[in-house]
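Output the structure for:
(2 chains)
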Amino acid sequence: MKNLGIFVLSVVLGLSACKKEDEIGEENELITTVKLNFKNGNETRSFAYKDLDGDGGMAPTVEKINLKPNTSYDLSVEFLDESKTPALNITEEVKEEGDEHLVVITPSSTTIGTYTYADKDVNLLPIGLMGKFTSKSAAAGSLKIQLRHQPPINGKKSKDGTAAPGSDDINIDFQIEVK
Amino acid sequence: MLQKGFYIKNFLILNFIFSFQLLQAQEVNCNCFVVGKVTDKQTREPIVGALIEISAQKKATFSDKNGDYKIENVCEGKYEMNIRILGYDAQKLEVNLIHENTHNFKLNESEIHLDGINISAKRIESVSGNEKQLDVEQLKKLTGQNLATILNSISGVSIIQTGSSIGKPVIHGMHSNRILTINNGIRHEAQQWGNEHAPEIDPFLAKQITVIKGAKSVRYGPDAIGGVIIIEPNELKHLDRIQTEINQYSMSNGWQNGLSAIVESSTHKIKGLDWRLQASTKKGGDVATPNYKLANTGSQEFNFSIGAKYSRRRTDLNVFFSQFNSKIGIFSGSHIGNTTDLAQAIGRDKPLDIYTPEEFTYKINKPYQDIQHSLLKLKLNQQLRNNQSLQITFGQQYNFRAEVDALRGDRNTAQIFKINTNTLEVLFNHKPFFKNIAGNIGLNGLYQYNISTGNIREPQKSNVLIPNYTNFTMGAFWIERYVKGDFELEAGIRWDKRYLDVFYLKRLQTQVTRDEFNNQSITNTFSVSRNFNNRLKLGYNFATAWKPPVVSELYSDGVHHGSAAYEVGELSLKTEKVLENSFVLNFTSKFYQLEVLAYFNHLNNYIFLAPTGNSILTIRGAFPEFKYTQTDARFAGFDISNTWSKFQRFTISNQLSLLWADDLNRNQPLIFMPANRSETNLTYRFNDFWVNEITLNHRLVFKQNRTPQASIFEKASDSSFLNLINGDYMAAPEGYNLFDVMLSKDFKLKKTNSFKVSLECKNILNTVYRDYLNRFRYFSDEIGRNFSVRTNIIF
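Residues are numbered from 1 along each chain as shown, chains lettered A, B, ... in the order given. This is a model prediction of the structure:
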């Protein structure tokens, strides 16, 4: 009986090893800047959203998007961390982890324009780093950019091509004017 | 060994030895007697004048000058024995003078049953009686629950939950930095400020838990505004053999299993050296509500402790080390990015399918919490001449907390908090003055530093929930107690000073900012109680207490992960001050017991966190803003418990907890306060049956109707995204009824061996409900039916 107690004790002790702090080390990564590049022929128009001091504090600066009417643009999206020098480009990382991410681009009204995806992840679902934005006749409104993070839940993929699963890594609004 | 787990105790232990005779008789035999000796465990000197009473038989006696007593001519039967001694808590003990088998009545006259029974006689923590205890038997029935859930069985104590695995105790509506936990004689220091930071304590080691409901600042310092939770393992004692206790449990909901072993003994080589080793582990997977499973709600725990005591003559030296490790999965469906996600999550009846998987898993994914807490304690207890004693306790604690979030890629990204605390207490118990006055003088010191990023003086990031800081606190107190007959009076005074040094980076600055705070205050306490005819006890307690604003209240500035809140501190917060009044009434008769605790507390500058209705714009979208603010507040309420018992077999009891908490400046109820609650318990004990005990439990939690009506903060009209309903994002949920059933069976194998099994079903009707104090009530229902098996073996 005496040995049983010691046996149980050692089983319990052996079941788990002490953890180490090194398992977790990295600081939270920040995205400070979202850049939208609208390309039509040789002309590229870029607009940026910047929040260099991170959450809270000073209000972010947002450039207003100006587009020509009835024009089809190739739209590429870039994510940067400009709080560090040199600035970190996080776009590549999102691309590599494309099966867990979805960029959702939503104009406030369909009279402004329409967006279609032009890229695919390994499961042939869109990522949204590249797409096509077609402007319509003159209008004004806003354009919402979301980066949905849709990691697997208990080993099961959660990304299904819709915006619903996951949480927002990015959720911002640009003012847009087509004229 | 009845009442085995009762010895934990700080000061004195009375040792009683009962022997009784069973005579051959057809009729009721009234020739039994009880003899014994009452001694002081530490000085080993006899205790004179303790009252030993068997009230049902109207028999009573005092221990004589040698500590001996004898009660003669007791009829056989099951009795409650009361042992009372001035300045100590009255103890009740059930003694069964009937042998279970009627044939045993033919026992030979000369056969004497000797049973050693140890009873704790603990110095009463509070004279007025606003304290409650859970003993080892009650704790055994709650094995496997987290600490807060265990405490939730006490009236007036509620629980703030974050999902089902994280719970924090709430006493009379107060929690976090207003509740002090004393774990094994050391004040537990971790990241108490967070609502989803559960106490890092292994309940398997606890053999007695005492909850003091109300301010106890004079003894324990500024944190003890709302109450104190005292958790104690058994005191180490001399054992001639190796004693082992094994506790095991399994639960059907989440398939959680736990195992704990305690091995203790004394060495033969060194006289007076007793030791104990303990380890426990538990592992659970995804839990389920009545209608769906919740993804990523598993939890794991692994704890161990080593303790040793060396006693020689009048000196006791204690060494104790424990480590607590846990990893807790946070329900994936609660990981919401921002206000839009929050609004959508609230709008759904059931979380998205992806968050409510069909398959079960033990795996814990991001987000999760990873926590480690280590405690080292050294304690010296020196008995001096003239019944005086000196106690020196040193504690060293290290708490590591990582809140790991689901972010891009496979990177581990986390908010990390590391807090290191050293505490020292010197306590001197002076010799009694004029026979009736006893008391103590104490000194406390605490030095603590917290690191969120970088080094203490060199933080690396702004935007942290709490900055780096050092905290130095010292205090001195003096408490005297006057006891005469049935009358007791206690008065105490304390002085405290706190130095807080905060090091942080302002936004976009590389220069470290240093802020210094100095606070000091005096607190008083006064309690009085009177016992009438041993039936009725009345007590009154008055206490003042204070709490300087803590770092999180002053400096929070960041997104609190998992709760989608942007928390903002307020540097101009002033010190919180409390005036507490409480009344206690205890009435005991043969079949009925009544206990009423009424309290009325006034708080100046009560600090709380509430949603502002505004949102903070970040790149991840707009986050609901929560701000710390203060007001004058009033907490008033009742804890009422009624117990009827018939023939020692059938017991019915009810506990009612009522609270009215008001914001006096805004003239409306305070936000996030526990709802009124009633708990009814029916127990039937069998003598000779395949189970010993059947218990039915009913819990009724009312809807919290007392929520703020008007907004707490002035709202900036343009940036509101979410409408607040009664100061919150979702109206308070409906009230609910829960039913539990429990069966238990004890086996006594040999004299020192015991085996106990219990079966329990919680939420037997699989009721779907949500609780106002669960932070995940926005996202999911509470967990459903849960079967559990518990075994306890001592050999």
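
Going by C-alpha atoms from here, please, whenever you check contacts or count neighbours.
Fine.

Quickly list what the residue of chain A found nearest chain B is bridged to.
Here the residue of chain A nearest chain B is A:Ile170; by CA to the nearest CA that distance is 3.8 Å. Residues in a beta bridge with A:Ile170, per DSSP bridges, are A:Leu147.

tally of neighbours for it?
25 (other CA atoms under 10 Å in any protein chain shown).

With A:Gly113 instead?
As a burial measure, A:Gly113 scores 22 neighbours (other CA under 10 Å).

what sits against the residue nearest to it when sequence neighbours are not counted?
In space, and not counting its chain neighbours, A:Gly113 is closest to A:Ser135: 4.1 Å by CA to CA, 6 or more residues apart in numbering or on different chains. With contact set as CA atoms under 8 Å, 6 or more residues apart in numbering or on different chains, A:Ser135 has these partners: A:67-73, A:112-114, A:178.

ok, of these, which come out buried?
A:67-69, A:72-73, A:112-114, A:178 (16 or more other CA atoms under 10 Å in any protein chain shown).

still on that earlier bit, wait, which of the contacts of A:Ser135 is closest to B:His373?
Relative to B:His373, the closest of the contacts of A:Ser135 is A:Thr114; by CA to CA it sits at 54.3 Å.

The closest one and B:Ala308: what is the separation?
Relative to B:Ala308, A:Thr114 is positioned 74 Å away (CA to CA, to the nearest Å).

Then A:Glu100?
Per CA to CA, A:Glu100 is found 52 Å from B:Ala308.

From the centre of chain B outward, give me the first residue you hit.
Centroid-nearest residue in chain B, with CA atoms, centre = their mean: B:Ile229, separated by 4.4 Å.

Quick check: what element follows the helix or strand harbouring that residue along the chain?
With secondary structure defined by DSSP states H and E, B:Ile229 is part of strand B:227-232. Following strand B:227-232 in sequence order, the next helix or strand is strand B:243-251 (DSSP H and E).

model confidence over that next one, on average?
For strand B:243-251, mean pLDDT is 93.

one step back: just checking, what packs against the strand holding B:Ile229?
Strand B:227-232 sits against strand B:179-183, strand B:208-213, with contacts defined as 3 or more CA pairs under 8 Å, 6 or more residues apart in numbering or on different chains; DSSP states H and E.

Including mean pLDDT and distance to B:Phe591, could those go into JSON lines?
Below are these laid out as JSON lines (pLDDT from 0 to 100; distance: least, CA to CA, whole Å):
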{"stretch": "strand B:179-183", "mean pLDDT": "93", "distance to B:Phe591": "35"}
{"stretch": "strand B:208-213", "mean pLDDT": "91", "distance to B:Phe591": "25"}
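
re earlier: would you mind measuring from the residue of chain A closest to chain B to B:Gln648?
Separation of A:Ile170 from B:Gln648 (CA to CA): 65 Å.

Tell me who's in contact with the residue most central in space within chain A.
Computing the C-alpha centroid of chain A and ranking residues by CA atoms, centre = their mean puts A:Leu147 first, at 2.9 Å. Contact analysis of A:Leu147 by CA under 8 Å, 6+ apart lists A:101-104, A:168-171.

circling back: tell me how far the residue of chain A closest to chain B lies from B:Ser374.
To B:Ser374, A:Ile170 is 38 Å away according to CA to CA.

swap in B:Asn247?
From B:Asn247 over to B:Ser374 (counting by CA to CA), the distance is 22 Å.

can you check A:Ile105 too?
For A:Ile105, the distance to B:Ser374 (CA to CA) stands at 49 Å.
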